[in-house]
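J.: What shape does this take:
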Amino acid sequence: MKEKKSSTFIVKVLSEQNESWQGSVTLAETSETKYFRSALELLHMMEEVIQEKERM
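T.: Residues are numbered from 1 along each chain as shown. I've put the predicted structure just below:
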């Protein structure tokens, strides 16, 4: 059974416009920060990181 690698995200919601979140997400392991304009975009960013780790 393949061991799953974990990811730690630090999410900062800076504002809420048009009934969605805007803010930043930082990957704790690398300190890389990206900005998102919606909750859906945030989830896509997080999913990308998780999928990338699974390929390693």
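J.: contacting residues for the spatially most central residue of the chain?
T.: For the chain, the residue nearest the mean C-alpha position is Met46 (3.3 Å; C-alpha atoms, centre = their mean). Contacts for Met46 (C-beta atoms under 8 Å, 6 or more residues apart in numbering) come out as Ser7, Phe9, Val25. For glycine as for every other residue, the C-beta is placed from the backbone atoms N, C-alpha and C.
J.: helix/strand/coil for it?
T.: Here Met46 is recorded as helix under DSSP: H, G, I helix; E, B strand; the rest coil.
J.: For it, give me the pLDDT.
T.: Met46 carries a pLDDT value of 95.
J.: Also Lys4?
T.: 69.
J.: And the residue nearest to the centre of the chain, how far from Thr8?
T.: Distance from Met46 to Thr8, counting by C-beta to C-beta, to the nearest Å: 11 Å.
J.: same check, this time on Thr26
T.: As judged by C-beta to C-beta, Thr26 and Thr8 stand 9 Å apart.
J.: okay, these two: which has more neighbours?
T.: Comparing Thr26 with Thr8 by other C-beta atoms under 10 Å, the one with more neighbours is Thr26, at 15 against 8.
J.: before we move on, back to that, of the contacts of Met46, closest to Ile50?
T.: Ser7 (5.8 Å; C-beta to C-beta).
J.: What about that closest one, how many residues nearby?
T.: Neighbour count for Ser7, taken as other C-beta under 10 Å: 14.
J.: ok now do it, which residues does it touch?
T.: So Ser7 contacts Leu27, Ala28, Glu29, Met46, Val49, Ile50, Lys53 (C-beta under 8 Å, 6+ apart).
J.: Confirm that the third one sits in a strand.
T.: Right, Glu29. No: according to three-state DSSP, the state of Glu29 is coil, so it is not within a strand.
J.: May I have the phi/psi pair for it?
T.: Main-chain torsions, Glu29, degrees, to the nearest 10: phi -70, psi -30.
J.: Thr8 is in contact with that one, correct?
T.: Yes: if you go by C-beta atoms under 8 Å, Glu29 and Thr8 touch, sitting 6.7 Å apart.
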